[in-house]
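# need coordinates for the following:
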Amino acid sequence: MVSRFAWAGLLACLLTPAVRATTVPLQWGEQRRFEMERTLPAGGRLEVCGPVTPAEPVDWTFHADGVLAFSILHRLGHRSLVSERRQRVKALQGKFKAEQAYPHCWVWINRGQQPVRLALMLRY
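Numbering: from 1, shown residues only. Alright, predicted model coming up:
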């Protein structure tokens, strides 16, 4: 016999909307800089992923017109190793120094009901 909790968990999974993910390749320009603006739809996820040199820190900044979840991570197989994670933020800036030469991702998730406009700048 299946418990009520198991049915409730299954129902919650079926009713939770899927996150629409977009991945943008991180391509460093001649001035060792990457900039972009993008609108994240409600329930959307944006990943900016690419090579990061461990020898040099990356200055990063973003601002949005709504709250987003944010993280910096890299993946090893199916595992995501998170370097930084914040919830419900509109703007942040920082300096990121990779420990190893893996591709890293700057990730935003819009858990709100409205689209959110995001501007990002990364610079060596």
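
# tell me how far the ends of stretch 93-104 are from each other?
16 Å (Cα to Cα, to the nearest Å).

# what's that stretch in contact with?
If you take Cβ atoms under 8 Å, 6 or more residues apart in numbering as the criterion, stretch 93-104 is touched by 26, 49-54, 56-62, 72-76, 83-84. C-betas here are computed from N, CA, C, even on glycine.

# what subset of those residues is buried?
26, 49-50, 52, 58, 60, 62, 72-74 (16 or more other Cβ atoms under 10 Å).

# circling back to that earlier point, which of the contacts of stretch 93-104 fall in strands?
49-51, 58-62, 72-76, 83-84 (DSSP state E).

# between those residues, which is closest to Q114?
F62 (17.8 Å; Cβ to Cβ).

# need the pLDDT of that closest one.
At F62, the model reports a pLDDT of 98.

# so it touches M121, yeah?
Yes - applying Cβ atoms under 8 Å as the test, F62 and M121 come out as touching, 7.4 Å apart.

# what ranges do the strands span in the protein?
Here the chain has its strands, by DSSP E, at 20-25, 33-40, 44-51, 58-76, 79-96, 103-109, 116-123.

# and among the ones you listed, the most buried is which?
Each of these was scored by mean neighbour count; the highest is strand 103-109, a mean of 20, by mean count of other Cβ atoms under 10 Å.

# okay, now the sheet partners of it, with direction.
For strand 103-109, sheet partners with direction are given as strand 44-51 (antiparallel), strand 58-76 (antiparallel), following DSSP bridges.

# turn those into CSV, including distance to H104.
CSV is the format used below for the strands paired with strand 103-109 (distance: least, Cβ to Cβ, whole Å):
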stretch, distance to H104
strand 44-51, 7
strand 58-76, 5
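
# nearest residue to the middle of this protein?
V107 (0.7 Å; Cα atoms, centre = their mean).

# pLDDT weak spots in this protein?
Scanning the chain with the threshold set as pLDDT under 70 gives 1-19.

# if you set the cut-off to 80 instead, what comes out?
Within the chain, the ranges that satisfy pLDDT under 80 run 1-20.
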